[in-house]
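# show me the folded form of this:
(4 chains)
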Protein chains: 2
Amino acid sequence: MEKQQETIQVGIAEDHPVYRRGLKNLLASEKHLNVLFDVSNGSELMEQLRYFQPQILLIDVRIPFIDGINATKIIKQNYPNICVIINSSYCDEQTLHDAAASGARAFLSKKSEFTVIIDTIENVYDLGYSFNDQFTPDLITTCCEENKKITVGEVSARSLSLREIDVLKLICDGLSSSQIADVLYISNRTVENHRRSIFEKTKAKNMADLTVYAIKTGYYSIQG
Amino acid sequence: MEKQQETIQVGIAEDHPVYRRGLKNLLASEKHLNVLFDVSNGSELMEQLRYFQPQILLIDVRIPFIDGINATKIIKQNYPNICVIINSSYCDEQTLHDAAASGARAFLSKKSEFTVIIDTIENVYDLGYSFNDQFTPDLITTCCEENKKITVGEVSARSLSLREIDVLKLICDGLSSSQIADVLYISNRTVENHRRSIFEKTKAKNMADLTVYAIKTGYYSIQG
DNA sequence: AACGCAATGGGTATTTACACCCATTTTTAA
DNA sequence: TTAAAAATGGGTGTAAATACCCATTGCGTT
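Predicted coordinates:
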């Protein structure tokens, strides 16, 4: 890195006290970040902005009085230099669309790892935007009318077919191929063929391995 | 306060890194609380519990591999002295019911203020339960009527020997008996005998079943 | 119309799992 | 000190899994 790190001023708007504490604590631990303020609702946010203008604002979508989306719209009008990063538990299409349309520069899930959060802030500070699998340039283009096209590579993993998932679940239930055949009213050989393609696709080596895969992916869930 | 404050050992299971950091930070700031461990999923939780048994466990409902409700059920069986506090973003009827039925001692919304969290932990530690407007004694009575008939000590499996645990882990890693024999420098037959006693003790029917058992008990932990 | 793929079924052979039985040695606990 | 359990090893089977082949049918897509 030849470029010297400048201190980035950040603001936080988040109503969940524990999450806010965690976020504040995380950002404070980064030397090149400075938390200018942290507020718990949209009203306080607007009040703070009259006195302090951070370069980056992390705003939760669901905050009281003025929600994150409307707050972002207002900020875009009145403080065009402030880059808003929308933070949300829900990453559904509607929320992503609203965020893009409101003028947000990035979208962060609340599940995000520390490094993702820091990287996103840095990207927005350096480049104006930060994209990921869900918050894409295309989305921005569609929702707004700005042009900065970047082709996003397709990441397509070989997924299991519906029938294979049926078989996988029954394998994890502890059924043998012939038992699965009985349950699904198909031949034992068909089950074995499904099993083989499951093993090929998942690269599992045996049932134990496969069970771990199924639990990881959520195909199978552990009951108490 | 006439009563002297004892240190309460607390464990955290929460998959959102920022929230977890905030929670850990909050609890650490209280002198009479000590965070024994913090994990990000149900599998890791079970593993930690084999070595550390906190008095209070804060578990998010939505954690990977083994969700909070099922984890609570398993913990109730295997560690009846640990008091579980269920933590959730959603406070709908179903979630509250499930929490009560699983044996949770309190229910905390993720919106909770710091004081509420601390008070809840103290109440559960002192009185065994902590109720609020949503998590009521009536709810517990309604949801746990069936469970009262079952004595906790009933389901006590014979514990695995150290060597059996070695073998179990390698089985879950996906190794065959002969491969395990090579790794442990013992005969294939010995491995098969260990395997047989493992199956006897755990009452598992096959490897898939056994893997689920290993994850439940924490003998095997899912990574990534 | 041609192609890919999912879903179905089979042949043949080897490897592995799993079920019964057994023994020896050491360690641990009563 | 005696008995139980752990850890090691074996014999002999059957059932199942796994690894290679293969074909047919049907359903979409180009």
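# how close does the residue nearest to residue A:89 when sequence neighbours are not counted sit to residue A:13?
Closest residue in space to residue A:89, ignoring its immediate chain neighbours: residue A:110 at 4.7 Å, by CB to CB, 6 or more residues apart in numbering or on different chains. Every C-beta, even on glycine, is put in place using the N, C-alpha and C of the backbone. Distance check for residue A:110 against residue A:13: by CB to CB, to the nearest Å, it reads 14 Å.
# more crowded one of those two?
A side-by-side neighbour count of residue A:110 and residue A:13, using other CB atoms under 10 Å in any protein chain shown, places residue A:13 first with 27 against 20.
# in chain A, which residue sits nearest DNA strand C?
The minimum distance from chain A to DNA strand C, using CB to the nearest atom of the strand, falls at residue A:161 (2.6 Å).
# that older thread, what's the spacing between the residue nearest to residue A:89 and residue B:82?
Residue A:110 sits 27 Å away from residue B:82 when distances are taken as CB to CB.
# now swap in residue A:100 and tell me
The gap separating residue A:100 from residue B:82 is 45 Å, by CB to CB.
# give me the helix or strand of chain A that scores worst on average pLDDT.
Of all helical and strand segments in chain A, the minimum by mean pLDDT, DSSP states H and E falls on helix A:137-143, at a mean of 72.
# low-confidence regions, chain A specifically.
Screening chain A residue by residue with the criterion pLDDT under 70, one finds the ranges A:1-5, A:141-159, A:224.
# look at the residue of chain A closest to DNA strand C and say how many residues are nearby.
With neighbours defined by other CB under 10 Å, the count for residue A:161 comes to 13.
# can you give me the helices for chain A?
Under the criterion DSSP state H, chain A contains helices at A:17-28, A:42-49, A:68-78, A:93-102, A:114-127, A:137-143, A:162-172, A:177-184, A:188-202, A:207-217.
# make CSV from those helices and add mean neighbour count to it.
As requested, the helices of chain A are arranged in CSV below (neighbours: other CB atoms under 10 Å in any protein chain shown):
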stretch, mean neighbour count
helix A:17-28, 21
helix A:42-49, 19
helix A:68-78, 19
helix A:93-102, 18
helix A:114-127, 17
helix A:137-143, 17
helix A:162-172, 19
helix A:177-184, 16
helix A:188-202, 16
helix A:207-217, 23
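# can you put those in JSON lines and add distance to residue B:212?
Compiled in JSON lines, these are given as follows (distance: least, CB to CB, whole Å):
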{"stretch": "helix A:17-28", "distance to residue B:212": "32"}
{"stretch": "helix A:42-49", "distance to residue B:212": "46"}
{"stretch": "helix A:68-78", "distance to residue B:212": "41"}
{"stretch": "helix A:93-102", "distance to residue B:212": "34"}
{"stretch": "helix A:114-127", "distance to residue B:212": "31"}
{"stretch": "helix A:137-143", "distance to residue B:212": "39"}
{"stretch": "helix A:162-172", "distance to residue B:212": "7"}
{"stretch": "helix A:177-184", "distance to residue B:212": "17"}
{"stretch": "helix A:188-202", "distance to residue B:212": "17"}
{"stretch": "helix A:207-217", "distance to residue B:212": "6"}
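# what's the closest of the ones you listed to DNA strand D?
helix A:177-184 (3.2 Å).
# is the closest one in proximity to chain B?
No: counting by CB under 8 Å from any CB of the partner chain, chain B is not contacted by helix A:177-184; separation bottoms out at 10.4 Å.
# verify the stated contact: residue A:110 with residue A:86.
No: with contacts defined as CB atoms under 8 Å, residue A:110 does not count as touching residue A:86, sitting 11.0 Å away.
# contacting residues for the closest residue to residue A:78 other than its chain neighbours?
Once its chain neighbours are removed from consideration, residue A:78 has its nearest residue in residue A:49; the separation is 7.8 Å (CB to CB, 6+ apart). When the contact criterion is CB atoms under 8 Å, 6 or more residues apart in numbering or on different chains, the partners of residue A:49 are A:11, A:75, A:78-79, A:82.
# which of those residues sits closest to residue B:21?
residue A:11 (18.8 Å; CB to CB).
# right, and that closest one touches residue A:52 too?
Yes: taking contacts as CB under 8 Å, residue A:11 lies within contact range of residue A:52: 7.0 Å.
# mind listing the shared neighbours of those two?
With CB under 8 Å, 6+ apart applied, the overlap between the contact sets of residue A:11 and residue A:52 consists of A:36-37.
# which phi and psi does the residue lying farthest from the centre of chain A have?
Using CA atoms, centre = their mean, the residue of chain A lying farthest from its centre is residue A:187. It sits 42.1 Å away. With angles defined as degrees, to the nearest 10, residue A:187 sits at phi -70, psi 150.
# find the nearest non-adjacent residue to it, please.
Leaving aside its sequence neighbours, residue A:187 sits nearest to residue A:181 (CB to CB, 6+ apart; 6.0 Å).
# same check on residue A:171?
Nearest-residue entry for residue A:171: residue B:208, 5.8 Å, with adjacent residues in sequence omitted and distances by CB to CB, 6+ apart.
# quick one: the residue farthest from the centre of chain A and residue A:175, what's the gap?
For residue A:187, the distance to residue A:175 (CB to CB) stands at 15 Å.
# so residue A:167 makes contact with residue A:180?
Yes: with contact defined as CB under 8 Å, residue A:167 reaches residue A:180; the gap is 6.0 Å.
# need the overlap of contacts for the two.
When CB under 8 Å, 6+ apart defines a contact, the residues bordering residue A:167 and residue A:180 alike are residue A:191.
# and DNA strand D, is stretch A:182-192 touching that?
Yes: part of stretch A:182-192 sits close enough to DNA strand D to count as contact by CB under 7 Å from any atom of the strand, namely residue A:192.
# identify the bridge partners of the residue nearest the centre of chain A.
With distances taken as CA atoms, centre = their mean, the residue of chain A nearest its centroid is residue A:109 (3.8 Å). When bridges are taken as DSSP bridges, the partners of residue A:109 come out as residue A:88.
# how far away is it from residue B:13?
Distance of residue A:109 to residue B:13, given as CB to CB: 19 Å.
# and residue A:91, by the same measure?
According to CB to CB, residue A:91 and residue B:13 sit 22 Å apart.
# identify the residue nearest residue A:178 in space, chain neighbours excluded?
Leaving aside its sequence neighbours, residue A:178 sits nearest to residue A:188 (CB to CB, 6+ apart; 4.9 Å).
# mind listing what that neighbour touches?
Taking CB under 8 Å, 6+ apart as the contact definition, residue A:188 lies against A:177-178, A:181.
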